[in-house]
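Student: Quick one: sequence plus predicted model below, questions after.
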Amino acid sequence: MNASSIHPAGQGGALQEIVRRCEALYEDLHFESVKRWKAAAPGRKAIGYMPVYVPCEIIHAAGMLPVGILGGGDQLEVIQGDAYYQSYICRIPRSTLELGLTGRLDCLDGMLFPSICDVIRNLSGMWQMMFKDKYVKYVDVPQNYRDDVGGDFYIHEMQVLREDLGALAGRPITDEALRASIAVYNENRRAVRELYAYRAAKPWQAPTSEVYLVLRAGMVLPPEEHTALVRAYIAAADALERPKRDNARVVVTGSFCEQPPLGLIKSIEMAGCYVVDDDYMLVLRWLLDDVPVTGEPLAELSKAFLHRSASTASKYDDKREDKGKFLLQQVKKSGAEGVIFAAASFCDPALLERPMLLDVLSAHKIPHTNFKYAENTGQMAPIREQTGTFADSIKLWSAA
Amino acid sequence: MSTPIQMMPPAAPKKPPAPVQKEDAMWLQKEMINRNYHELGVAHDQGRKICATFVPGNLNELVMCFDMARSLPETNALQNGMRKKSGKFIMDAERDGHSEDVCTYVKSDLGMLLNGAIGPTGEPLPAPDLLLLSYTGCFTFMKWFELVRQKYGCETVMLHVPYQGDGRVSKAMRDYVLKQITREVIPALERVSGVKFDIDRLRQYMRESVKAEEDLVRVLQSAKNRPSPIDGYFGAVYYIGPMFTAFRGAPEATQFYSVLRQEIDERVRQGKGPITPDGELTEEKYRLVVEGPPNWTSFRDFWKMFYDEGAVVVASTYAKVGGVYDFGFRHDPDHPLESLAEYCLGCYTNLNFPQRVDMICRYIEDYQADGLLINSIKSCNSFSAGQLLILREVEKRTGKPAAFVESDLVDPRYFSAANIKNRLESYLQMIKQKRAAAAVH
Ligand code: SF4
Ligand code: SF4
C-alpha cells in the first residue's frame, strides 16, 4: 500500500495518523471499538481472552470478535480489584477485575482464561463466580507434545470450545468456517512477522513504542483490519526517513503477560536500545508458521501448537537442551547484541524461568540485564539508568 | 513382591524423652520419615534408584513397583523449615539469582542443593535419578523441576494433569493423564530403574492404600465429634504425612493408619480433645475451618496461638492437597492405572474456585464450625490467588465470620507472630460476640 494514500498530509501524516489511531485504541479502556464493532450488525458477540495464547481462530470462526485483555495499564485506578488480592500478587488480575467490576467489560459475552499460571487459572473460577451471566472458560493446553497424547487432549479441548461458542452464536462452527479463519490468522501472523522483520532490519524506522501500539491494536480490532493496519504501518514507517542512532540492539523477554507501561517501553529506547525482538503479545506470533488450511482444522491447529509454536515460561521444555533455545534463536535472527529480561513483579513463571534463561545467555556470552516492573510503574528513572548502562556496556564491549 | 520400605516392628516404638506431647502415631510417622531419609541416603550404595516427585498427584504405588526410593522435595523443604534450616537456604538461593518473589519451597530446595544436599536429618540426599514431574494443581512444580534439571541434569518425565476448570473431570482429561502414565511415565520408570512393570504388584500396593485411606478418612472425620479428638490442621499434618508422601501403598502405612485410628477412636470414646505439644486440650472453645498451608518455621508457635485460646481446627483444605479422600475417592486395585489418573485430577489445588468454596462451606456445616480462617501463604499462588474472594463468599453463604492472616511456608522472614496473634485473638473475640448476640435473640 502506498503510504501517501492513507493520509492527504503525506507520508509523515499517514504514520502519525496510524500511530494516533493505535494510541487511541490502547488508551480506550471502555472498549468503544469493540462496542462499535458489535453494534455494526445485529447479534454480534465478542469474547475476551487473557495472555498468553488461545486459538483465536475458533472465536473468529464463530463470527465473534476475539478481544485481548491485558489488564489496565497505568491509566486505570484500581480500587475494587485490589480488595481481592494480597500485596504479593501481580497487578494484571486486579486491574482486569477492576475492568470487569466497573462494567468496562460488559461488552464481552465471554472470557477465556488460558493455562499460563496459577493466578490466571484461579481468576477463571473467580470470574465464574463474579460474572455469572457470562461464558467463562479455562483453556487448558497440553504440556505433552505427542500428537497421540497431548494432541488428542488439545483437540478435544478445542472441540469443547468450538461447541460452546457455536451454541453461544446460535449456529455450529463448520470446518469450512474454521479453515477460513485459519487463513485470516495466517495472513495476520504473516503481517506481524513482516513487521518484526522490518523492525529488526531497521529499528530506527520502526521504534518499539510505535510497533507496540500497532500490535496492541490487534487485541481489539478484527484480524483482517489489523493485518491491513500492520502493513499500512510498515509502508508508512518505511516512507519516512528517520535518523539512525548508534543504539544497542536488544531482545526484551519476560513480558509475556502483564505489560509494562508504554512509558517504560519508551524509556528502554530512550536509554539507547533498539528493541529488535520481544515477547509482548505472543498470541499474535504464537504459531510460528502457516497453519495448513486443508485437512482437519483442529488437528492442524493442534500440530502447529505442539510442534511449531513459540516458547515461553508457561510452556514446558521437554528436554534440558531446549531451555533458552527459542530466546537464542530470537537473538540470532534479529541480530541482537544483548537481552533485557523484564518481568512483572511477582510473576511466578517469568521469575522462575529467569535464572535458567540467564544461565543459557551467559553460557553463550550474550550480555544481559534484568529488572522487574508493574503495569503501573511510574518511576522510569532507575530503569532508564540501568538500561542506559547496559546499552553503553554493549557498545563498549562490541567496540573492544 | 519386594517392598522397598521395611515393615514396622510389631512392638510399640520407644518414645524419646522430650517435653513435647504427641500421640503414638505421631512418633511412628516421625520414625517413618526419618527412615525414609536414611533409605534415600543409602539408596545408591544399595544399587537402588531414586525418584523425586511432588506431593499432590504423586504416584507412590507406581514408583514402588520399580523398587525406587522416593524423595518429596516439598517434604524436604518443610522438614528443613521445621528444623530452622530453610531461612539460610532461601537466602543462598536468592544470592544465586532466584527472585525474592517466588515460592520459597523451590528456593529452600535449591538452597539445600547449593549447600551440599544434606537432607533435613543430616544425612546426604543424593541426586535423584528421575524427576517425575507430576504437574498437579501448581505451575511452579514445572519450573521447579526444570530448575533442578538445568542444574543437575537429571532425567525428567512430565505428567501433566489438566485443571478442573469446569469443576469436573472429563473423559478426555482422564484419558490424557492415563495415556501419559502408560506411554511416558511407566516407560521412563522402567528405563531408569531397570525393573519391568508388573500391574499385579501395583494392585497389591493399592489394596494397602485403600485400607489406609479408609482409616485416614475416619480419623479426619472424627473431628465432627464434640469435642473434636483431633486438630484437623496442625495435628492433621502428622496424620497425612505417610499418606501424602513416600508411604501410601506400603504395608507400614496401613499399619500406621490402623494404630492412629485406634488411638483416635479411643479418644472419641473417652470424650477427649486433641493432643497438642503442651498436652491435651481440655476445653474446646472454638471450632474453626482453615484454608491454606501452615507456616513451618514457627509451626509450634502458630499452633500454640490456637490451643492457648481453646481453638481447634476441625477441618482444613490443606489436609486434602495430597488427595480429597473424605469426599469418597479411593485408589482402585481393580482399575489401578485409571484410579491413579483420577487421583491426580482430584487433588485439592486442582479444583476450581467454585469447588473450593463449596468444599469449605460444606466443612463449616458438617463440622459445625464457628467460621473460616485463611492462612494466606505468600509463596503459593496456587492456594492464595483469589483467597479474598473465598473469604467473602464463604461468609456470605454460611453467615459465619471469616478472617485472614498472612505468612509463608518456610521463609522465617514472613512470619509475624504479633500480627497473627492479634488477628486471631480479635477474630475469636468476634466469634464470641456473635455467639452472645445469637443467644440473646
Ligand atoms: S503476570 Fe505472571 S503471575 Fe501474573 S497473571 Fe501473568 S503470568 Fe501469571
Ligand atoms: S506454589 Fe504452592 S503448591 Fe506450588 S510448589 Fe509452591 S507451595 Fe507448593
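Tutor: Thanks, I have it. Ligands and ions are numbered 1, 2, ... in the order given.
Student: Leaving out sequence neighbours, find the closest residue to B:S298.
Tutor: Nearest residue to B:S298 in three dimensions, chain neighbours excluded: B:F415, at 4.7 Å (CB to CB, 6 or more residues apart in numbering or on different chains). Backbone N, C-alpha and C define where each C-beta goes, glycine included.
Student: Touching, the one you found and B:W296? I think so.
Tutor: No - in this structure, B:F415 is not within contact of B:W296 by CB atoms under 8 Å, at 9.3 Å.
Student: Mind giving me the packing neighbours of the strand or helix carrying B:L373?
Tutor: B:L373 is part of strand B:371-377 when elements are defined by DSSP states H and E. Judged by 3 or more CB pairs under 8 Å, 6 or more residues apart in numbering or on different chains; DSSP states H and E, strand B:371-377 is in contact with strand B:286-291, helix B:353-366, helix B:381-384, helix B:387-398, strand B:402-407, helix B:417-440.
Student: With chain A as the reference, name the closest of these.
Tutor: Nearest to chain A among those is helix B:353-366; the distance by CB to the nearest CB comes to 2.6 Å.
Student: That closest one versus strand B:371-377: what angle between them?
Tutor: Orientation check (axes from the mean of the first three to the mean of the last three CA atoms, to 10 degrees): helix B:353-366 against strand B:371-377 gives 140 degrees.
Student: what about helix B:353-366 and ligand 2, touching?
Tutor: No - judged by CB under 6 Å from any ligand atom, helix B:353-366 stays clear of ligand 2, getting no closer than 13.7 Å.
Student: Can you work out which other helices and strands pack against that helix?
Tutor: Checking 3+ CB pairs under 8 Å, 6+ apart, helix B:353-366 ends up next to helix A:118-130, strand B:286-291, strand B:311-316, strand B:371-377, helix B:387-398.
Student: how about these in TSV, adding distance to ligand 2, mean neighbour count and mean pLDDT?
Tutor: Formatted as TSV, these follow (distance: least, CB to the nearest ligand atom, whole Å; neighbours: other CB atoms under 10 Å in any protein chain shown; pLDDT from 0 to 100):
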stretch	distance to ligand 2	mean neighbour count	mean pLDDT
helix A:118-130	7	24	98
strand B:286-291	13	27	98
strand B:311-316	15	29	98
strand B:371-377	7	25	98
helix B:387-398	12	20	98
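Student: who wins for proximity to ligand 1 among those?
Tutor: Closest approach to ligand 1 among the helices and strands packed on helix B:353-366 (CB to the nearest ligand atom): helix A:118-130, 3.9 Å.
Student: Can you give the contact residues for the next helix or strand after that closest one?
Tutor: Moving toward the C-terminus from helix A:118-130, the next helix or strand (DSSP H and E) is strand A:135-139. Here strand A:135-139 makes contact (CB atoms under 8 Å, 6 or more residues apart in numbering or on different chains) with A:47, A:49, A:54, A:109-115, A:121, A:124-125, A:127-128, A:157, A:160-161, A:164-165, A:168, B:163, B:165-166, B:352.
Student: ok, now stretch A:286-296?
Tutor: By CB under 8 Å, 6+ apart, stretch A:286-296 touches A:52-53, A:57, A:175, A:179, A:182-183, A:185-186, A:189-190, A:300-301, A:304-305, A:308-310.
Student: related to what we said a few turns ago, can you list the helices and strands packed on strand B:371-377 in TSV and add distance to A:A200?
Tutor: Formatted as TSV, those follow (distance: least, CB to CB, whole Å):
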stretch	distance to A:A200
strand B:286-291	49
helix B:353-366	42
helix B:381-384	35
helix B:387-398	43
strand B:402-407	45
helix B:417-440	51
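Student: For ligand 1, which of the ones you listed is the nearest?
Tutor: Of all the helices and strands packed on strand B:371-377, helix B:381-384 comes closest under CB to the nearest ligand atom, at 6.6 Å.
Student: list the buried ones in the closest one?
Tutor: In terms of neighbour count (16 or more other CB atoms under 10 Å in any protein chain shown), helix B:381-384 has its buried residues at B:N381, B:S382, B:F383, B:S384.
Student: For the contacts of strand A:135-139, which PyMOL command selects only the ones that are buried?
Tutor: Filtering the contacts of strand A:135-139 down to the buried ones (16+ other CB under 10 Å) takes a single PyMOL command:
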select buried, (chain A and resi 47+49+54+109+110+111+112+113+114+115+121+124+125+127+128+157+160+161+164+165) or (chain B and resi 163+165+166+352)
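Student: In strands, which of the contacts of strand A:135-139 fall?
Tutor: Of these, the ones assigned to strands by DSSP state E are A:I47, A:Y49, A:G110, A:M111, A:L112, A:F113, A:P114.
Student: Most widely separated two among those?
Tutor: Taking CB to CB, the two most distant members of the ones in strands among the contacts of strand A:135-139 are A:G110 and A:P114; they sit 13.4 Å apart.
Student: which residues touch B:P401?
Tutor: For B:P401, the contacting residues are B:D370, B:G371, B:L372, B:E395, B:Y427, B:M430, B:I431, B:K434, by CB under 8 Å, 6+ apart.
Student: Who are the contact partners of A:L358?
Tutor: For A:L358, the contact set (CB under 8 Å, 6+ apart) comprises A:F341, A:H368, A:N370, B:G97.
Student: Name the nearest residue to residue 286, sequence neighbours excluded.
Tutor: The chain I'm using is chain A. Nearest non-adjacent residue to A:W286, counting by CB to CB, 6+ apart: A:Y53, 4.4 Å away.
Student: not what I meant, chain B
Tutor: B:Y286 sits nearest to B:A311 (CB to CB, 6+ apart), 4.1 Å away.
Student: One more: B:R201?
Tutor: Distance criterion CB to CB, 6+ apart; nearest residue to B:R201, sequence neighbours excluded, is B:C65 at 4.9 Å.
Student: Tabulate the helices and strands packed on helix B:353-366 (a markdown table), appending distance to A:V214.
Tutor: Output for the helices and strands packed on helix B:353-366, formatted as a markdown table (distance: least, CB to CB, whole Å):
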| stretch | distance to A:V214 |
| --- | --- |
| helix A:118-130 | 25 |
| strand B:286-291 | 45 |
| strand B:311-316 | 51 |
| strand B:371-377 | 40 |
| helix B:387-398 | 36 |
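Student: Cheers, nothing more for now.
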